[in-house]
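> just a sequence and a predicted model for now, questions to come.
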Amino acid sequence: MIEYRKATIHDIESLLKVRIDFLREAKNIRNDDDEKLLLTSNREFLSSSLSGGSFVQFIAIRGLVMV
């Protein structure tokens, strides 16, 4: 069964993994420097905006895995 819920700051690393995996698949990450910059900037954005309430993201969980 899939559970849907609002993401929290505790989900940031999983959200980052999904985003980076998607960008790799879409070939939008050209090198390791691009990936590091994306991880850093997205981590900062999600940390401040999820905790401050200015950004909302819903996630789907099956078992213990984000899908």
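It's in.
> before we move on, what's the pLDDT of Leu23?
Looking at Leu23, its pLDDT reads 89.
> burial count for it?
Using other C-beta atoms under 10 Å as the criterion, Leu23 is surrounded by 15 other residues. (Glycine included, C-beta is placed from N, CA and C.)
> which intervals of this structure have sub-threshold pLDDT?
For the chain, applying pLDDT under 70 flags no range at all.
> which SSE is Asp34 in?
helix 32-52 (DSSP states H and E).
> quick one: residues in contact with that helix.
With contact meaning C-beta atoms under 8 Å, 6 or more residues apart in numbering, helix 32-52 is reached by 7-9, 11-12, 15-16, 19-20, 23, 29, 54-55, 57.
> can you flag the buried ones in those?
If you count burial by 16 or more other C-beta atoms under 10 Å, the buried members of those come out as 7, 11-12, 15-16, 20, 29.
> can you tell me which of the residues you listed are in strands?
Judged by DSSP state E, those include no members of strands.
> adding distance to Leu46, write those out as CSV.
Output for those, formatted as CSV (distance: C-beta to C-beta, whole Å):
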residue, distance to Leu46
Ala7, 8
Asp11, 9
Ile12, 5
Leu15, 6
Leu16, 7
Ile20, 13
Ile29, 18
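> that older thread, out of the contacts of helix 32-52, which are inside helices?
Residues of these located in helices (DSSP state H): 12, 15-16, 19-20, 23.
> run through the residues that contact the residue minimising distance to the centre of the chain.
In the chain, the C-alpha nearest the mean C-alpha coordinate belongs to Leu15, at 2.0 Å (C-alpha atoms, centre = their mean). Residues in contact with Leu15 (C-beta under 8 Å, 6+ apart) are 7, 42, 46, 57, 59, 66.
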